[in-house]
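Chemist: the sequence isn't on hand, but the structure is:
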């Protein structure tokens with residue numbers, strides 16, 4: 001089974017597979033690669049609709065060059081992780097979580113910021129700390145944070161040194177779900193305005209009314225479920241027998 005980095009030929013085969021609407025697993029089988037390799041490759045390079053083999057290869061070369069520039073000669077390894085965590089395992093998990101978040105609709109930088117905050121025990125970092133950890137410019141972090149705040153995915157607080165700290169926690173996931181339901185409500189309102197304009201009973205109006213009813217039902221269900229499950233976000237792990 002091939003290993004190492006994907007070759008330009010393999011990336012071209014991935015692009016052809018996507019054009020033929022093949023599932024990731026089938027593309028991976030033809031390349032004799034793990035499905036996770038193909039999934040990560042596609043999601044980190046624009047997703048299935050925007051993936052281009054030449055751009056993906058250049059982006060990979062650029063990332064490799066940036067890592068070589070940032071790493072001193074001699075191949076310095078990542079510093080020790082808290083709680084005895086495996087540094088390489090953490091890095092691999094961060095790559096996977098970033099790819100999953102991109103698949104859910106976030107752009108790459110927004111996904112990287114959420115991943116960085118989520119895998120930090122405090123769940124809180126300053127813009128400077130994010131820029132340093134992600135090896136990107138402060139401007140890139142600022143742009144990503146602005147988008148994430150607009151989606152209720154991060155919040156900011158001032159610390160004792162009057163620095164903005166960006167925070168991700170369970171409560172933000174609740175707020176994000178509620179914000180999504182409220183966005184549905186606006187679509188419902190707009191659809192029902194269309195019913196009046198297009199004339200009740202006409203095919204177009206019936207379609208819009210059905211969409212409005214569907215989204216209205218979904219919004220009510222989402223809010224009810226979020227309220228019922230909210231306490232789960234603040235639950236503490238059960239004590240083990242040793243702790244007791």
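Modeler: On my side now, so go ahead. Owing to the predicted nature of the structure, the values given are computational and were not obtained by experimental measurement.
Chemist: please name the nearest non-neighbouring residue to the residue nearest the centre of the chain.
Modeler: By CA atoms, centre = their mean, the chain has its centre lying nearest to residue 101, at 1.9 Å. Of all residues not flanking residue 101 in the chain, residue 111 sits nearest, at 3.7 Å (CB to CB, 6 or more residues apart in numbering). Just so you know, the C-beta spots here come from the backbone N, C-alpha and C atoms, and that holds for glycine as well.
Chemist: ok, now which ones touch the one you found?
Modeler: 97, 98, 99, 101, 102 (CB atoms under 8 Å, 6 or more residues apart in numbering).
Chemist: can you report phi and psi for it?
Modeler: Dihedral pair for residue 111: phi -60, psi -40, per degrees, to the nearest 10.
Chemist: likewise residue 167?
Modeler: Torsion angles, degrees, to the nearest 10, at residue 167: phi -130, psi 140.
Chemist: can you name the residues that contact the closest residue to residue 223 other than its chain neighbours?
Modeler: Nearest residue to residue 223, sequence neighbours excluded (CB to CB, 6+ apart): residue 181, at 5.1 Å. Residue 181 is in contact with 218, 219, 222, 223, 226, counting by CB under 8 Å, 6+ apart.
Chemist: closest to residue 177 out of those?
Modeler: Comparing those against residue 177 with CB to CB places residue 226 closest, at 4.7 Å.
Chemist: return the distance of that closest one relative to residue 48.
Modeler: To residue 48, residue 226 is 30 Å away according to CB to CB, to the nearest Å.
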